[in-house]
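J.: Let me see the structure of the following:
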Amino acid sequence: MGEDELRLLDAPVCDLPFGLPQCTFYARDTQWLMRFAEGALDICEPFGIGVIFEGERPLRMENLELSREY
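T.: Numbers count the residues shown, from 1 in each chain. Coordinates of the predicted model:
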């Protein structure tokens, strides 16, 4: 990530450069996915980024670049 992109992440949660959230919940599992279909970071192309949660706690971010189209 370049300096410009890192500066975009230095913001309050409500001001982060991600948009169009979509949630996926899995039956009988405490993990779930919040996919942001749009964003200002290069990593957001072409399918956005995913944030995996365990309950209310974020576990990791995933690059969806190599994923198949939703």
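J.: tell me the contacts of the nearest residue to residue 40 once chain neighbours are set aside?
T.: Sequence neighbours aside, residue 17 is the residue nearest to residue 40 in space, at 3.5 Å (criterion: Cβ to Cβ, 6 or more residues apart in numbering). C-beta coordinates here come from the backbone N, C-alpha and C atoms, glycine included. Residue 17 is in contact with 8-9, 11, 39-41, counting by Cβ atoms under 8 Å, 6 or more residues apart in numbering.
J.: roughly how far apart are residue 17 and residue 26?
T.: 27 Å (Cβ to Cβ, to the nearest Å).
J.: those helices in this protein, which residues are they?
T.: Taking DSSP state H as the criterion, the chain contains helices spanning 3-9.
J.: Tell me the one among the contacts of residue 17 nearest to residue 33.
T.: residue 39 (15.2 Å; Cβ to Cβ).
J.: what sits opposite that closest one in the beta ladder?
T.: Taking DSSP bridges, one obtains residue 18 as the residues bridged to residue 39.
J.: pretty sure it contacts residue 9?
T.: No: Residue 39 is not in contact with residue 9 according to Cβ atoms under 8 Å; the separation is 10.5 Å.
J.: Return the per-residue confidence for the residue nearest to residue 40.
T.: With respect to pLDDT, residue 17 has a value of 90.
J.: Please state the backbone phi and psi of it?
T.: Residue 17 has phi and psi values of phi -80, psi 50 when expressed as degrees, to the nearest 10.
J.: coming back round to it: residue 39 and residue 9: which is more packed in?
T.: Taking neighbours as other Cβ atoms under 10 Å, residue 39 and residue 9 compare with residue 39 leading, 18 against 12.
J.: how about that one, what does it touch?
T.: Per Cβ under 8 Å, 6+ apart, neighbours of residue 39: 17-19, 48-49.
J.: which of the residues you listed count as buried?
T.: 18, 48-49 (16 or more other Cβ atoms under 10 Å).
J.: With that, I have no additional questions.
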